[in-house]
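A.B. asks: Need the 3D shape of this:
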Amino acid sequence: MWLSVYLDHHFWAGMKNTQRSESMHSFFNKFITRNSSFIQFIKQYDNCLRSREQAERESDAANFHTVIPCATKSSIEAQFQHVYTHQRFREVQAQFRGKANCITRLTNSALGYSVYEVGEQVCSLIFNKFVVTYDSVAVEVKCQCLLFESRGILCHHALSVLSFERVTQVSPRYILERWSKKVKRRHTHIKSSHDEPLLEPRSKRFDKLVFCS
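C.D. replies: Alright, predicted model coming up:
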């Protein structure tokens, strides 16, 4: 679709292509309809981006000044709570809740390298099985489902193994900087055609309040 041509430079991480498309459509449906012409889209484009930037600023403010309670007593969850944005931390929390449906069994271990079978209960009598490896020397965990490799989030199978191994802190490799609440979105502060000189002082005051308080 022609919309994607104008949005390829935007970062829609953590989404599949279909999810990214659905998200873009939902976002632009607030400003245009299927009957809108290309000219109408051009006129509304700046309004769309201005709305998105404002939403991101408000999200940044929430990340800095509010805290989402941990769902468990896990010190690893608290580690993510301290670093990640609210949106990403909620996704992490979903994996911690998923641990409740997992049964972890050690199948092999040698020289600090362990292989586990994690059974995930999907209904009363059905379990899906996943192989998870843990290297205590490299402090590295890897699951067959490859959720971390595809979305950057440790899955509940891997978290179940870390709990079994009594790991209290994950390696920095599993905490991605891009999801940190301390990372300012660079594109939010790039000057564009919808920037108005009268808005700049208000924008600066907002940033000072959020990031310097």
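
A.B. asks: Would you confirm that His86 contacts Ile68?
C.D. replies: Yes. Applying C-beta atoms under 8 Å, one finds His86 in contact with Ile68, separated by 5.7 Å. The way it works is simple: take the backbone N, C-alpha and C, and place the C-beta from them, glycine included.

A.B. asks: Going along the chain, name the helices of the chain.
C.D. replies: 3-7, 17-28, 38-65, 75-83, 86-98, 147-151, 156-164, 200-212 (DSSP state H).

A.B. asks: Compare the mean pLDDT across these and name the weakest.
C.D. replies: Note on those: lowest mean pLDDT is at helix 3-7, with a mean of 51.

A.B. asks: What is the burial count for the residue nearest to Ser36 when sequence neighbours are not counted?
C.D. replies: Once flanking residues are discounted, Ser36 sits nearest to Gln44: 7.6 Å by C-beta to C-beta, 6 or more residues apart in numbering. By other C-beta atoms under 10 Å, 16 other residues sit near Gln44.

A.B. asks: repeat for Val92
C.D. replies: Residues within reach of Val92, counting by other C-beta under 10 Å, total 22.

A.B. asks: ok, it to Val83 distance?
C.D. replies: In this view, Val92 and Val83 are 10 Å apart by C-beta to C-beta, to the nearest Å.

A.B. asks: Name the residues contacting each of these two.
C.D. replies: When C-beta atoms under 8 Å, 6 or more residues apart in numbering defines a contact, no residue borders Val92 and Val83 alike.

A.B. asks: I'd like the distance from Gln121 to Lys99, if you could.
C.D. replies: According to C-beta to C-beta, Gln121 and Lys99 sit 11 Å apart.

A.B. asks: higher neighbour count, those two?
C.D. replies: Remark: of Gln121 and Lys99, Lys99 carries more neighbours, 22 against 13, as counted by other C-beta under 10 Å.
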